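Asks: sequence and predicted model, in that order:
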Amino acid sequence: MNDTVVVDDVSKSFGRSRALSGLSFTARKGVTGLLGPNGAGKTTLMRLLATVLAADSGRVRLLGWNPVYDRLEIRRRLGYLPQEPAYQRGFTVFEFVDYVAILKEMVDRRARHDEVRRVIGEVGLADVSGKKIRTLSGGMRRRVGIAQALLGDPELVLLDEPTAGLDPEQRLRFRALISRIGENRTVLLSTHQTEDVAALCERAVVLKDGRCVFAGTPEELRGVARGRVWQSPRRAGVLSWRTGEGDFRNIGSPPADATLVPPTVEDGYLLLLDGDKVEAAV
Ligand SMILES: Nc1ncnc2c1ncn2[C@@H]1O[C@H](COP(=O)(O)OP(=O)(O)OP(=O)(O)O)[C@@H](O)[C@H]1O
């Protein structure tokens, strides 16, 4: 297999709080979505893969390198959009991306400026290149973050919640951009949006309590809830909510006369997270 990311039995604690607990999964070229509730360990995992943090135990291989010994080699091939990027808000878009390029050791000024213009163009910000970051909308600022992550054409791109807080139209544009980025690179995308995973990821990984509870295609994630989602006039499943049409959508073990409906990726995800409760109620 051409796995570009291998995480094997990795644990990481902060004091007494265990963020990652024996986590294992692999990723390869294309877009892999990382799903999980608040506190599941997504950001910790991203920081670990970005070589910002070291694991307490377990093994990690990134692009064939070991982050313990080859951090620089990995960093040269890595682009990272942190969850809370430290933008220099007084800089223009060009100045900020150029500043990151300097930090990335791009020393030839002309080649660096060409590369800065290229990545700014790639995220569709050429028109606002001379604008100060503080004057941009949140969605545009997020694109500046992606632009800097594309500097030097990295083989591995880590995007920590790039679509959080975007309006639907911006999300759509981001999906197009991210799927383009993933055509010839390994992209890991952490998100709370199962729709993003269904729409653009080739593979999905679900974290819960610092462990991997699912790894597979979005179709397989949807399959987790096959035969376990039904519609009824009254609340029935353990996970149950009223839909826009007035009926209830229920997830769990259906009664014999249930009207089953096709599951979504979100149904599969919810069932994975709340599976214990669902099984306990049977
Ligand atoms: N620097 C830190 N110091 C102490 N605890 C931390 C630190 N970073 C993370 N944690 C803890 O580790 C656990 C996992 O956090 P993490 O931020 O990785 O989750 P997450 O899946 O990214 O959550 P969210 O979706 O809310 O961003 C949480 O319990 C968190 O409180």
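Replies: On my side now, so go ahead. Numbers count the residues shown, from 1 in each chain.
Asks: and the strands in the chain, which stretches?
Replies: Along the chain, counting by DSSP state E, strands occupy 5-14, 17-27, 30-35, 57-62, 78-81, 156-160, 186-191, 203-208, 211-216, 229-232, 239-242, 248-251, 259-260.
Asks: and the gap between residue 208 and residue 7?
Replies: The gap separating residue 208 from residue 7 is 15 Å, by CB to CB, to the nearest Å. (Glycine included, C-beta is placed from N, CA and C.)
Asks: quick one: which of the two has more around it?
Replies: The residue with more neighbours, out of residue 208 and residue 7, is residue 7; 23 against 18, by other CB atoms under 10 Å.
Asks: OK, contacts around residue 63?
Replies: The contact partners of residue 63, taken as CB atoms under 8 Å, 6 or more residues apart in numbering, are 4, 74, 77, 155, 156, 186.
Asks: 10 Å instead, please
Replies: Counting by CB atoms under 10 Å, 6 or more residues apart in numbering, residue 63 makes contact with 3-5, 70, 73-74, 76-78, 154-156, 186.
Asks: the domain parsing of this protein - what is it?
Replies: Annotated domains of the chain cover 5-218, 222-280 [automatic domain parsing].
Asks: winner for burial among those domains?
Replies: Comparing those by mean neighbour count (mean count of other CB atoms under 10 Å), domain 5-218 comes out on top with a mean of 18.
Asks: close to the ligand, is that domain?
Replies: Yes - using CB under 6 Å from any ligand atom, domain 5-218 reaches the ligand at 14, 17, 19, 36, 38, 39, 40, 41, 42, 43, 44.
Asks: can I get these in TSV with pLDDT?
Replies: Below are the residues of domain 5-218 next to the ligand laid out as TSV (pLDDT from 0 to 100):
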residue	pLDDT
14	96
17	94
19	97
36	94
38	90
39	92
40	94
41	95
42	95
43	95
44	96
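Asks: I'd like these as CSV, with distance to residue 131 appended.
Replies: Below are the residues of domain 5-218 next to the ligand laid out as CSV (distance: CB to CB, whole Å):
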residue, distance to residue 131
14, 38
17, 40
19, 37
36, 35
38, 33
39, 36
40, 36
41, 36
42, 31
43, 29
44, 34
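Asks: among the residues you listed, which are in helices?
Replies: Taking DSSP state H as the definition of helices, the residues of domain 5-218 next to the ligand contribute 42, 43, 44.
Asks: and the spatially closest residue to the second one that is not a sequence neighbour, what is it in contact with?
Replies: This means residue 43. Counting by CB to CB, 6 or more residues apart in numbering, residue 83 is the residue found nearest to residue 43 once chain neighbours are left out, at 5.3 Å. Counting by CB under 10 Å, 6+ apart, residue 83 touches 42, 43, 46, 47, 145, 159, 160, 161, 162, 164, 190.
Asks: what does residue 59 give?
Replies: Residue 59 is in contact with 6, 7, 8, 9, 10, 24, 66, 67, 68, counting by CB under 10 Å, 6+ apart.
Asks: got it, and residue 212?
Replies: The contact partners of residue 212, by CB under 10 Å, 6+ apart, come to 7, 10, 20, 22-26, 34, 36, 41, 45, 205-206.
Asks: remind me which residues of the protein are low pLDDT?
Replies: 1, 275-282 (pLDDT under 70).
Asks: residue 157 is in contact with residue 181, correct?
Replies: Yes - using CB atoms under 10 Å, residue 181 makes contact with residue 157 at a distance of 6.0 Å.
Asks: between those two, which contacts overlap?
Replies: 31, 79, 146, 149, 150, 187, 189.
Asks: closest one of the residues you listed to the ligand?
Replies: Proximity of the shared contacts of residue 181 and residue 157 to the ligand (CB to the nearest ligand atom) peaks at residue 189, which lies at 12.8 Å.
Asks: now do the same end-to-end measure for stretch 66-85.
Replies: Start-to-end span of stretch 66-85 (CA to CA, to the nearest Å) is 25 Å.
Asks: quick check, residue 99 in contact with residue 91.
Replies: Yes - at 6.5 Å, residue 99 counts as touching residue 91 under the criterion of CB under 10 Å.
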